[in-house]
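Visitor: predicted model follows, preceded by the sequence.
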Amino acid sequence: MKKRVTVLMGGWSAEREVSLNSGKAAARALEEAGYEVSVVDLQRDLKSLLAAIEQTRPDVVFNALHGRWGEDGCVQGVLDILGIPFTHSGLLASAVAMDKPTAKRLMAAAGLPVAEDRVVHRREVLNGDPLPRPYVMKPLNEGSSVGVYIIRENAPLPFNEWPFGEFVMVETFVPGREITVAVMGDKALGALEITSDRGFYDYEAKYAPGGSRHLMPAPLPEKDYAEALRLGLEAHRALGCRGVSRTDLRYDDTGDEPRFVVLEVNTQPGMTSTSLVPDIAAHAGISFPQLVAWMVEQATCDA
């Protein structure tokens with residue numbers, strides 16, 4: 001008997017449109033893989049979520065939500081209470097990975113290389129640079145590079161467009177190349193390099209047509225490619241992730257000795273057939289329907 005899968009998508013975070021794309025693509029692939037699929041465009045209304053769960057009676061929830069409230073442990077907690085298995089990481093790992101300062105402390109404690117950072121009130125930034133320029137400003141708990149800015153020499157501060165709270169993470173800018181590693185269960189699937197004519201892999205570069213290019217496998221020396229895979233898997237483990245995750249790295253090859261810096265772990269990476277993780281999986285011989293089917297079969301909860 002085929003499983004009933006309810007795909008949660010949409011939500012009300014800054015990544016709503018990205019989530020809708022992930023959810024629709026995952027639903028199509030799950031139907032192709034033989035599952036009975038329902039889709040729910042999640043609203044900020046717990047009663048409607050509970051009603052949708054009661055109506056669709058899922059054996060598994062495929063969580064295609066991105067950003068706050070869907071990726072940070074909130075929905076995971078509801079599903080734990082209901083005892084319904086769901087894809088991706090559990091409540092604790094989801095909450096930890098979404099909170100950048102906490103995630104970085106745990107990764108540093110595990111011996112992973114991370115950039116120097118400070119969490120400061122926005123007032124402090126306005127009163128003077130908290131780190132030498134160039135540095136990076138980012139919200140404490142957003143994804144998809146939402147609200148991330150590189151503050152270069154003579155650049156203005158973006159506080160006229162900063163709806164992300166009173167506190168800001170400022171981080172030493174790491175030059176070099178954008179590398180991302182997909183992890184599936186207990187295995188790193190591969191490492192991909194992202195290039196963009198924008199010079200920075202920001203929200204527009206990620207989602208605008210032609211905004212970026214994927215180089216798979218990442219054109220790295222063999223030992224450095226192996227190191228990227230190791231770092232991706234260790235970051236996944238350090239935060240207690242399960243299922244599929246994606247770890248973003250910087251590969252600084254601008255000095256005498258190349259080095260990696262771990263930027264963050266995405267517990268619910270984009271899930272369209274052309275997204276980064278499915279692209280890496282395809283190179284490993286795993287089709288998009290096979291990938292999402294594996295995620296459904298591995299789904300669990302902490303009830």
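Guide: Structure's in. What do you need?
Visitor: show me where the chain has helices.
Guide: All helices of the chain, identified by DSSP state H, fall at 16-32, 46-56, 74-82, 91-98, 100-109, 122-126, 203-207, 222-238, 276-283, 288-297.
Visitor: for the second one, packing partners?
Guide: Identification of packing neighbours for helix 46-56 by 3 or more C-beta pairs under 8 Å, 6 or more residues apart in numbering; DSSP states H and E yields strand 4-10, strand 36-42, helix 74-82. Placement of C-beta: from N, CA and C, glycine included.
Visitor: enumerate the beta-bridge partners assigned to the residue positioned nearest the centre of the chain.
Guide: Taking C-alpha atoms, centre = their mean, the centroid of the chain lies closest to N266, which sits 2.4 Å from it. Here N266 sits in beta bridges with R246, going by DSSP bridges.
Visitor: what sits against it?
Guide: Taking C-beta atoms under 8 Å, 6 or more residues apart in numbering as the contact definition, N266 lies against A97, G143, S245, R246, T247, D248.
Visitor: do the same with A218
Guide: I179, A191, L192, E193, Y225, A228, Y251.
Visitor: wait, V148 touches Y135, no?
Guide: No: counting by C-beta atoms under 8 Å, V148 does not reach Y135; the two are 11.6 Å apart.
Visitor: give me phi/psi at P58?
Guide: Main-chain dihedrals, P58, degrees, to the nearest 10: phi -70, psi 150.
Visitor: what is the neighbour count of G255?
Guide: 9 (other C-beta atoms under 10 Å).
Visitor: what pLDDT does the model give it?
Guide: What the model reports as pLDDT for G255 is 86.
Visitor: do you know how far it is from A218?
Guide: To A218, G255 is 19 Å away according to C-beta to C-beta, to the nearest Å.
Visitor: cool, Q43 as well?
Guide: 39 Å.
Visitor: just to revisit the earlier point, for the contacts of N266, which one is nearest K47?
Guide: G143 (26.4 Å; C-beta to C-beta).
Visitor: so the nearest residue to V296 once chain neighbours are set aside bridges to which residues?
Guide: Distance criterion C-beta to C-beta, 6 or more residues apart in numbering; nearest residue to V296, sequence neighbours excluded, is V60 at 5.1 Å. On the basis of DSSP bridges, V60 is bridged to V5.
Visitor: wait, V60 sits on V5?
Guide: Yes: counting by C-beta under 8 Å, V5 is a contact partner of V60 at 5.2 Å.
Visitor: so for these two, which sits in the more crowded spot?
Guide: The residue with more neighbours, out of V60 and V5, is V5; 27 against 24, by other C-beta under 10 Å.
Visitor: what residues are up against the closest residue to P278 other than its chain neighbours?
Guide: Closest residue to P278 apart from its sequence neighbours, by C-beta to C-beta, 6+ apart: F288 at 5.0 Å. Listed by C-beta under 8 Å, 6+ apart, the contact partners of F288 are A25, A29, S273, P278, A281, A282.
Visitor: PyMOL command to pick out the buried ones of the residues you listed?
Guide: Buried residues among the contacts of F288 (16 or more other C-beta atoms under 10 Å), as a PyMOL selection:
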select buried, resi 25+29+273+278+281+282
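Visitor: which one among the contacts of F288 gets closest to V296?
Guide: Closest to V296 out of the contacts of F288 is A29 (10.3 Å), distances taken as C-beta to C-beta.
Visitor: what's around N154, how many residues?
Guide: N154, neighbours per other C-beta under 10 Å, totals 6.
Visitor: and the one 3 residues further on, by the same measure?
Guide: Under the neighbour criterion other C-beta under 10 Å, L157 is assigned a count of 15.
Visitor: quick check, pLDDT for it.
Guide: L157 is assigned a predicted lDDT (pLDDT) of 79.
Visitor: how far away is it from E54?
Guide: Noted for L157: a distance of 48 Å to E54, by C-beta to C-beta.
Visitor: D80 now?
Guide: 17 Å.
Visitor: give the buried residues for stretch 119-131.
Guide: Within stretch 119-131, the residues that count as buried by 16+ other C-beta under 10 Å are V120, R122, V125, P130, L131.
Visitor: oh, that last question was meant for stretch 24-42, not what I typed.
Guide: For stretch 24-42, a neighbour-count test (16+ other C-beta under 10 Å) marks 24-30, 33, 35-40, 42 as buried.
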